[in-house]
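Participant: Would you be able to build a 3D model of this:
(chains A, B and C, ligands or ions: 3)
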Amino acid sequence: MKLVLAVIQDKDSNRLTDALAENNYKTTKLSTSGGFLKEGNTTLMIGVDDDFVDDVLNVIRDNCSQRDQMVAPISPMGGNADSYIPKPVKVEVGGATVFVMPVDSFFKF
Amino acid sequence: MKLVLAVIQDKDSNRLTDALAENNYKTTKLSTSGGFLKEGNTTLMIGVDDDFVDDVLNVIRDNCSQRDQMVAPISPMGGNADSYIPKPVKVEVGGATVFVMPVDSFFKF
Amino acid sequence: MKLVLAVIQDKDSNRLTDALAENNYKTTKLSTSGGFLKEGNTTLMIGVDDDFVDDVLNVIRDNCSQRDQMVAPISPMGGNADSYIPKPVKVEVGGATVFVMPVDSFFKF
Ligand code: NI
Ligand code: NI
Ligand code: NI
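Facilitator: Ligands and ions are numbered 1, 2, ... in the order given. Here you go, the predicted structure:
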């Protein structure tokens, strides 16, 4: 048994928990925030038998990898909104930081 | 030293933390939610010397085991409320998922 | 790789995450509460290479150690407020409970 701790972006949270549930992996979700960038993130705890750790890691990678996304920039305050056509900019979203932790023993009551 | 992580139902949380406190076990409570069923749950972290892990597990089992409870069902929307006598139904409540984690070292500052 | 779990007081949280960030340690912050005293506290998760665990522990000790603080006491209800001069009282604030946990493997996606 291992405990997988995955720190991911809020926006990827539902997709990942759905994908894990489809594969019968149960997750517990912790509300967390990044101390460094203050951005909202989520930490998932997933208890999993040793043989399935690689599969769980694959599901996390498939659903949360860092990727580029085109977003409309925020309009500048006080600018001439009529003449301003915002150009989409490329930002990186997603990403996962994953710790696989050993478990001494596991119980269901 | 071990770190016991117990994922339990919200409704069992106060009873368990009280029972643990009576036995001088300090707990830290994490707000969590189940990714699978979306129900509110709570995760407790309990740091405990190796010799007391079994005792902590017993306290968790005594206070959080899965059990049957009779509950009044929700009245059907738009039904004839006057003639409707809700029959209590049996539901399972409680339950605990517990991970006992090894700890390399422990500090109090 | 180790996962450092530090349970600290809310009031020390920003100072500690800033101090850790200055040293390039990334933290993830969990909203927690103490089951024993019900006081608000915060748990930080810090993933760190084995060689830097002692340094992280020093930063935690420097920013969160238990210390005495003089505070104005709350005025007694119904007392004669005009004649009452509150005497500051000494209380202990801060403190950290720290678990250093082994990590089997670590991934960035
Ligand atoms: Ni890139
Ligand atoms: Ni049953
Ligand atoms: Ni003192």
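Participant: Tell me the residues of chain A that contact chain B?
Facilitator: A:1, A:3, A:17, A:20-21, A:26-31, A:44-45, A:47, A:101-109 (C-beta under 8 Å from any C-beta of the partner chain). Backbone N, C-alpha and C define where each C-beta goes, glycine included.
Participant: Pretty sure A:R15 sits in a strand.
Facilitator: No: under DSSP: H, G, I helix; E, B strand; the rest coil, A:R15 sits outside any strand and is assigned helix.
Participant: residue contacts, the nearest residue to it once chain neighbours are set aside?
Facilitator: Counting by C-beta to C-beta, 6 or more residues apart in numbering or on different chains, A:R15 lies nearest to A:N63, which is 5.2 Å off, once chain neighbours are set aside. Taking C-beta atoms under 8 Å, 6 or more residues apart in numbering or on different chains, we find A:N63 in contact with A:12, A:15-16, A:19.
Participant: The residues of chain A next to chain B in helices, which ones?
Facilitator: Of those, the ones assigned to helices by DSSP state H are A:17, A:20-21.
Participant: State the mean pLDDT of whatever helix or strand the residue nearest to A:R15 lives in.
Facilitator: Taking DSSP states H and E as the criterion, the element that holds A:N63 is helix A:53-64. Mean pLDDT, computed over helix A:53-64, is 97.
Participant: Following the chain onward from that helix, which element is next?
Facilitator: For helix A:53-64, the following helix or strand on the C-terminal side (DSSP H and E) is strand A:67-71.
Participant: Who are the packing partners of that next one?
Facilitator: Judged by 3 or more C-beta pairs under 8 Å, 6 or more residues apart in numbering or on different chains; DSSP states H and E, the packing partners of strand A:67-71 are strand A:89-93.
Participant: For the strand it packs on, C-alpha coordinates in CSV please.
Facilitator: What follows is strand A:89-93, C-alpha atoms only, in CSV (Å, rounded to 0.1, in the frame of the first residue of the first chain):
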residue,chain,number,x,y,z
VAL,A,89,-1.4,35.2,-24.8
LYS,A,90,0.1,31.8,-24.1
VAL,A,91,0.2,30.8,-20.5
GLU,A,92,1.3,27.5,-18.9
VAL,A,93,-1.5,25.8,-16.9
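Participant: quick one: average pLDDT of it?
Facilitator: For strand A:89-93, mean pLDDT rounds to 84.
Participant: between it and helix A:53-64, what angle do the directions make?
Facilitator: 160 degrees (axes from the mean of the first three to the mean of the last three C-alpha atoms, to 10 degrees).
Participant: And strand A:89-93, how far out from the chain middle?
Facilitator: Taking the mean of its C-alpha atoms, strand A:89-93 sits 16 Å from the chain's own mean (C-alpha atoms, centre = their mean, to the nearest Å).
Participant: Is any residue of it near chain C?
Facilitator: No: shown here: strand A:89-93 not in contact with chain C (C-beta under 8 Å from any C-beta), separated by at least 12.3 Å.
Participant: who does that strand pair up with?
Facilitator: strand A:67-71 (antiparallel) (DSSP bridges).
Participant: Need the contact partners of the strand it pairs with.
Facilitator: With C-beta under 8 Å, 6+ apart, strand A:67-71 has contacts from A:88-94.
Participant: same question, stretch A:20-37
Facilitator: Under C-beta under 8 Å, 6+ apart, the answer for stretch A:20-37 is A:7, A:13, A:16-17, A:39-48, A:52, A:55-56, A:59, B:7, B:30-36, B:41, B:43, B:97, C:17, C:20-21, C:26-31, C:44-45.
Participant: Just the buried residues from these, in PyMOL please.
Facilitator: Only the buried entries of the contacts of stretch A:20-37 go into this PyMOL selection, using 16 or more other C-beta atoms under 10 Å in any protein chain shown:
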select buried, (chain A and resi 7+13+16+17+41+42+43+44+45+46+47+48+52+56+59) or (chain B and resi 7+30+31+32+33+34+35+36+41+43+97) or (chain C and resi 17+20+26+27+28+29+30+31+44+45)
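Participant: Okay, and which of the contacts of stretch A:20-37 map to strands?
Facilitator: Secondary structure defined by DSSP state E assigns A:7, A:40-48, B:7, B:30-34, B:41, B:43, B:97, C:27-31, C:44-45 of the contacts of stretch A:20-37 to strands.
Participant: For A:R15, give its distance to A:A21.
Facilitator: From A:R15 across to A:A21, the span is 11 Å (C-beta to C-beta, to the nearest Å).
Participant: A:Q66 too?
Facilitator: In this view, A:Q66 and A:A21 are 23 Å apart by C-beta to C-beta.
Participant: same question, A:L30
Facilitator: On the measure of C-beta to C-beta, A:L30 and A:A21 end up 17 Å apart.
Participant: which ones are touching A:D12?
Facilitator: A:63-64, A:94, A:96.
Participant: which one among the residues you listed gets closest to chain B?
Facilitator: A:N63 (12.4 Å; C-beta to the nearest C-beta).
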